[in-house]
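Fold the following and give me the result.
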Amino acid sequence: MKLLITGATGLIGTEIMNMCTQKGYDVHYLTTSKEKIKDSEGVKGFYWNPKTQEIDTDCIGGITAIINLAGASVSKKWTLKHKEAILNSRIDTVKLLYKLLSENKNVVTHFTTSSALGIYPSSLEKKYDEMDKEINITFLGEVVNLWEKEADNIRKIGITVSKLRTGIVLSKKGGALEQMVKPIGYGLGAPLGSGQQYQSWIHIHDMANMYLHIIEHNIDGVFNAIASEPITNTKLTKAIAKQLNKALWLPNVPIFMIKLLLGEMSTIALESHYLLNDKIKNTGFVFRFDTIGDALEDCLM
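This next block holds a predicted model:
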């Protein structure tokens, strides 16, 4: 296969690039910095700018599948300007890729894009599968809903579209786990809010492998990209502390303090999402790290 990847230098993109190298897949990647274009064996970079809708059309030469991971970080402070960046970076990206594919000759058969579990309403009781249609009324719920609708437009040009609703990605190379580990490592860890909110997670290896599995089997549709063992914030905090051999002695961080520090962004820490992954497993996908113990042992060993 020959893939085009956006967001290739991010946490998930880097892991996918490494897997592609191991599998012998050729990769094209898009970057907004011409100075960062560095080609190597099997890997070639191309310039694009979703804000201005500019793109080097040579990027789709021979490409059979696209993995779209581009989008401004949701973990940066949610100022009005950054909220616009969170939404526009995702919508503009897909619009530009649609324009690229619809206006230029290509052999692309599959388009897969990252999505997020924030599309589901927060609930301490409900377990969500991909058939649930209720949309979260929060900012992130709106973003993900518009993002997925934009991606669906690519089906109009006869290309298979898949969307992976991602939970917390656990990795030894940064991301959310690094931020959770820091206070616990200093002996200052504590559950957030009630601690009863469910957090659906996935190991970085399984996340990257799932993208390639979806493409290799040309699978259409939306999938919950999470492991089989969603866990409460309290249990996750305790599991990390156990792996680090650290004691937890502080009381839970109060909800009002989290909201004071994070503002609207506090929904990321306080909302509860228990997602089911039967749909992806029914395609034959096998998780390598399907329990929190195995995942944390690999990431924190």
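
Surely Leu260 is in a helix?
Yes. Residue state for Leu260 (DSSP: H, G, I helix; E, B strand; the rest coil) corresponds to a helix.

distance of it from Ser266?
Distance check for Leu260 against Ser266: by Cβ to Cβ, to the nearest Å, it reads 9 Å. All C-beta spots, glycine's among them, are computed from the backbone N, C-alpha and C.

Of the two, which one has the most company?
Neighbour totals were compared for Leu260 and Ser266, and Ser266 leads with 19 against 10 (other Cβ atoms under 10 Å).

helix, strand or coil for that one?
Ser266 is classified as helix under three-state DSSP.

In contact with it, which residues are there?
Neighbour list for Ser266: 255, 258-259 [criterion: Cβ atoms under 8 Å, 6 or more residues apart in numbering].

okay if I get those residues as a markdown table plus pLDDT and distance to Leu80?
A markdown table is the format used below for the contacts of Ser266 (pLDDT from 0 to 100; distance: Cβ to Cβ, whole Å):
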| residue | pLDDT | distance to Leu80 |
| --- | --- | --- |
| Ile255 | 97 | 24 |
| Ile258 | 96 | 21 |
| Lys259 | 96 | 18 |
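
Weed out the non-buried ones from those.
Buried members of the contacts of Ser266, counted by 16 or more other Cβ atoms under 10 Å: 258-259.

can you give me the mean pLDDT across the one helix or strand Asp294 maps to?
For Asp294, the enclosing helix or strand under DSSP states H and E is helix 292-300. What helix 292-300 shows for mean pLDDT is 97.

CA atoms of it as PDB?
Extracted in PDB, the C-alpha atoms of helix 292-300 (Å, rounded to 0.1, in the frame of the first residue of the first chain):
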ATOM      1  CA  ILE A 292      -5.300  -1.400  31.900                       C
ATOM      2  CA  GLY A 293      -2.700  -3.500  33.800                       C
ATOM      3  CA  ASP A 294      -1.000  -4.700  30.600                       C
ATOM      4  CA  ALA A 295      -1.200  -1.200  29.000                       C
ATOM      5  CA  LEU A 296       0.300   0.600  32.000                       C
ATOM      6  CA  GLU A 297       3.000  -2.000  32.500                       C
ATOM      7  CA  ASP A 298       4.200  -1.500  28.900                       C
ATOM      8  CA  CYS A 299       4.000   2.300  29.100                       C
ATOM      9  CA  LEU A 300       5.500   2.800  32.500                       C
END
